[in-house]
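Asker: Here you go, sequence then predicted model.
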Amino acid sequence: MFDDVADKYDITNDLLSLGQSRVWRRKVAKFISPKSGQAILDLAAGTGASSAAFTAPGVRVVAGDFSNGMLEVGRKRHPELEFVFADATNLPFADNEFDVTTISFGLRNVVDVDKALKEMLRVTKPGGRLVVFEFSRVAVPGLRGLYEFYLTKVLPTVSGLASRATSAYGYLAESIMAWPNQTELAKKIEGAGWSQVTYKNYTAGIVALHSAVKAGK
């Protein structure tokens with residue numbers, strides 16, 4: 001499914017999010033604040049748009065994804081990045097390899113979220129951070145109904161104009177509606193062994209940034 005939408009994935013996301021996808025990427029990059037000497041693993045990186053935001057002098061950025069189609073497009077668009085085929089539930093990296101492990105809008109697509117969170121813990125250095133940016137539950141009651149209408153009615157129509165793979169964006173709406181709310185996801189992260197789990201809502205809770213730390217030095 002993701003192979004089929006790879007070539008137009010970024011532009012379709014910009015359209016469907018009304019340009020917010022670019023704003024959100026900048027917020028994640030600002031929160032992570034990459035520093036020279038760090039290694040950052042960006043999972044569900046797609047074509048590398050999110051990973052490119054983390055590039056800085058002396059920073060190693062690895063863009064991992066489960067879709068070869070996405071990786072193929074990403075390598076052409078961002079030759080400066082290190083792209084790796086990566087199953088989030090069985091990561092091809094050593095223990096304690098990364099200072100930051102992050103995943104944006106991809107944790108919903110993992111078949112076993114708990115296992116993926118534990119794998120992210122394994123490859124992160126003690127004292128390192130997890131950053132999860134994901135669609136979440138609208139925190140303003142008056143907007144909730146309007147947002148659900150957009151997801152179920154407007155989004156499929158607009159995606160049909162922007163992409164030939166309308167089923168992929170039908171899945172997007174379904175997966176967002178079924179996803180745990182902010183508190184439930186925080187409990188999942190904590191249950192996987194992460195410490196200091198917090199979250200912050202953005203865009204009225206349409207998205208939320210969850211962060212955590214791997215205990216130890």
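Answerer: Yep, that arrived.

Asker: Which residue ranges of the chain form helices?
Answerer: Taking DSSP state H, the helices of the chain run over residues 2-5, 9-16, 20-32, 49-52, 68-77, 113-123, 141-149, 155-162, 166-178, 182-191.

Asker: which one of the ones you listed lies closest to residue 104?
Answerer: Nearest to residue 104 among the helices of the chain is helix 49-52 (5.0 Å), distances taken as C-beta to C-beta. In this view, the C-beta of every residue, glycine as well, is placed from N, C-alpha and C.

Asker: same for the closest one, what does it pack against?
Answerer: Helices and strands touching helix 49-52, by 3 or more C-beta pairs under 8 Å, 6 or more residues apart in numbering; DSSP states H and E, are helix 20-32, strand 60-65.

Asker: now with 10 Å?
Answerer: Packing contacts for helix 49-52, counted by 3 or more C-beta pairs under 10 Å, 6 or more residues apart in numbering; DSSP states H and E, involve helix 9-16, helix 20-32, strand 39-43, strand 60-65, helix 68-77, strand 98-104.

Asker: Serialize these to TSV and add fields for mean pLDDT.
Answerer: Listed next are those as TSV, based on pLDDT from 0 to 100:
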stretch	mean pLDDT
helix 9-16	58
helix 20-32	89
strand 39-43	98
strand 60-65	96
helix 68-77	90
strand 98-104	97
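
Asker: As JSON lines, the ones you listed with mean neighbour count and distance to residue 126 would be great.
Answerer: JSON lines is the format used below for those (neighbours: other C-beta atoms under 10 Å; distance: least, C-beta to C-beta, whole Å):
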{"stretch": "helix 9-16", "mean neighbour count": "19", "distance to residue 126": "34"}
{"stretch": "helix 20-32", "mean neighbour count": "17", "distance to residue 126": "18"}
{"stretch": "strand 39-43", "mean neighbour count": "26", "distance to residue 126": "14"}
{"stretch": "strand 60-65", "mean neighbour count": "24", "distance to residue 126": "18"}
{"stretch": "helix 68-77", "mean neighbour count": "18", "distance to residue 126": "30"}
{"stretch": "strand 98-104", "mean neighbour count": "25", "distance to residue 126": "10"}
